[in-house]
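Chemist: No sequence on hand, only this structure:
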């Protein structure tokens, strides 16, 4: 009896292996291609299996169902021996629960959390099994194709597109060896489909915003002292954005209101002079509301007339789609929100273009410290908010981009805790030391690439 229980437990674990392997290999990130290009033999196997997805899925499904049926049959036989006819009911109930929990939910959940790691682990084990199962999976594929249900039709289109992109990348590297800037620009264009707004947006903590409750003078001073020309305007809460204020519209309204106020004051002075009345009291630069006498500097009266409607876009939008949307709508700024509608930041047309041509500065841009500083010993000092994609493009560092957007985010993700200044971490072939923190934000990191053995 104990032997049978151990065999059943082993079969359930084997079923969990197949389920988790299926999830990990079909959900592995694009980082696999980068690792394979660098020479990682396990990543090459992952890509090889994903290119033969029909055979892979056939092997996994056959193996999974085979062990599940064997485990269920063995459990039913054991239950009949111990409990008689009622054993069928208990065997069905227990095996259903055990299969769902330990052979489906847990392994697939674990595979979703550690997708790339598990894919690299199981790929070398599955490759020989996929080749051994070809006498079964190939006739199965032919049968599915006969009924028009072959799973490779949809995947072939995706695979063909991916292969075309990789071919183009190779052609770029081959035919533009002396044009480093041009080669990088062409690669960046291909990356537009793989990069989302959350990778390039300005985070809400760094966005210059206008409070709708501010008076005229406060807003004018804020706009003049800022280096930007467009400002999200919120009412009561940062998440409640009611519009977008353009400096040109604001000062046009301010100027027109001032002209009207000056003309009203001049007309009143002339009227009082004709009536030999005392010298008039100087009027405010801002006109008054005729009914209440309140200054038109009240935001409820004048600010909304200066605002354009806010344009909200999801943070997962791809850069290529956003660039087309900018062209179609003839707008330069969009408000980025998450899946719950919460304000995450803003993205501009310039942000998208900079991903292609590099940094664009004008005469009003505030000079900032260099984000990446190379040291004589080959290490680098990197600002915490530098995107991982920028490090890949500028330095050739292939850090996982599926779990974090910035280097600081990756360090905090790997540390699994709030970090302290001076702490060091080693992961993904690099040694990172936190040089400076600002409150809970990592501002500067010293990074050194470790030599592989």
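Modeler: Structure received. Every value quoted in this text rests on a predicted model; they were computed, and no experiment measured them. Numbers count the residues shown, from 1 in each chain.

Chemist: Give me the domain ranges for this protein.
Modeler: The chain resolves into domains spanning 2-165, 372-449 when parsed by automatic domain parsing.

Chemist: Out of those domains, name the one with the poorest average pLDDT.
Modeler: For these, the weakest mean pLDDT is recorded on domain 2-165, namely a mean of 78.

Chemist: Which helix or which strand is home to residue 100?
Modeler: Element membership for residue 100 (DSSP states H and E) is helix 87-100.

Chemist: residues near residue 42, how many?
Modeler: Applying other Cβ atoms under 10 Å, we find 16 residues neighbouring residue 42. For the C-beta atoms, the positions are set from N, CA and C on the backbone; glycine is no exception.

Chemist: what's the answer for residue 201, then?
Modeler: Residues within reach of residue 201, counting by other Cβ under 10 Å, total 23.

Chemist: thought it was touching residue 336?
Modeler: Yes - at 4.8 Å, residue 201 counts as touching residue 336 under the criterion of Cβ atoms under 8 Å.

Chemist: quick one: which helix or strand includes the closest residue to residue 104 other than its chain neighbours?
Modeler: Nearest non-adjacent residue to residue 104, counting by Cβ to Cβ, 6 or more residues apart in numbering: residue 19, 5.5 Å away. Using DSSP H and E, residue 19 falls within helix 2-27.

Chemist: could you check the angle helix 87-100 makes with that helix?
Modeler: Interaxial angle, helix 2-27 versus helix 87-100 (axes from the mean of the first three to the mean of the last three Cα atoms, to 10 degrees): 40 degrees.

Chemist: Buried residues, helix 2-27. List them.
Modeler: Judged by neighbour count using 16 or more other Cβ atoms under 10 Å, the buried positions of helix 2-27 are 8, 11-12, 14-26.

Chemist: Now distance to residue 212 too, for the domains of the chain, in CSV please.
Modeler: Output for the domains of the chain, formatted as CSV (distance: least, Cβ to Cβ, whole Å):
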stretch, distance to residue 212
domain 2-165, 42
domain 372-449, 27
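
Chemist: Of all those, which one is nearest residue 189?
Modeler: domain 2-165 (10.7 Å; Cβ to Cβ).

Chemist: so how far is that closest one off the chain centroid?
Modeler: 29 Å (Cα atoms, centre = their mean, to the nearest Å).

Chemist: do you know how far residue 199 is from residue 314?
Modeler: Distance from residue 199 to residue 314, counting by Cβ to Cβ, to the nearest Å: 13 Å.

Chemist: now do residue 71
Modeler: In terms of Cβ to Cβ, residue 71 sits 43 Å off from residue 314.

Chemist: Just want to know which of the two has more residues nearby.
Modeler: More crowded of residue 71 and residue 314, by other Cβ under 10 Å: residue 71, with 23 against 15.

Chemist: can I assume residue 12 is in contact with residue 102?
Modeler: Yes - checked against Cβ under 8 Å, the pair residue 12 and residue 102 is within contact range at 5.2 Å.

Chemist: Can you name the residues in contact with stretch 320-327?
Modeler: By Cβ atoms under 8 Å, 6 or more residues apart in numbering, the residues outside stretch 320-327 that reach it are 192-193, 197, 313, 317, 332, 334, 347, 349, 352.

Chemist: returning to what we had before: quick one: which of the buried residues of helix 2-27 is nearest residue 44?
Modeler: Proximity of these to residue 44 (Cβ to Cβ) peaks at residue 25, which lies at 13.4 Å.

Chemist: Which residues are in contact with the closest residue to that closest one other than its chain neighbours?
Modeler: Excluding its sequence neighbours, the residue lying closest to residue 25 (Cβ to Cβ, 6+ apart) is residue 119, at 5.3 Å. By Cβ under 8 Å, 6+ apart, the contact list for residue 119 reads 24-25, 28, 32, 46.

Chemist: Just want the angle from the lengthiest helix in the chain to helix 87-100.
Modeler: Taking DSSP state H as the criterion, the chain has its longest helix at helix 53-83. Put simply, helix 53-83 runs at 140 degrees to helix 87-100, going by the same axes, to 10 degrees.

Chemist: Are there residues contacting both of residue 201 and residue 336? Which ones?
Modeler: 315, 344-347.

Chemist: export those to a markdown table and tack on neighbour count and pLDDT?
Modeler: Below are the shared contacts of residue 201 and residue 336 laid out as a markdown table (neighbours: other Cβ atoms under 10 Å; pLDDT from 0 to 100):
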| residue | neighbour count | pLDDT |
| --- | --- | --- |
| 315 | 18 | 86 |
| 344 | 21 | 88 |
| 345 | 22 | 89 |
| 346 | 27 | 89 |
| 347 | 25 | 89 |
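
Chemist: Next step: these restricted to strands.
Modeler: 344-347 (DSSP state E).

Chemist: Now distance to residue 447 too, for those residues, in TSV please.
Modeler: Listed next are these as TSV, based on distance: Cβ to Cβ, whole Å:
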residue	distance to residue 447
344	26
345	25
346	28
347	27
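
Chemist: Farthest pair within the residues you listed?
Modeler: The distance between the two most remote of those (Cβ to Cβ) is 9.6 Å, for 344 and 347.
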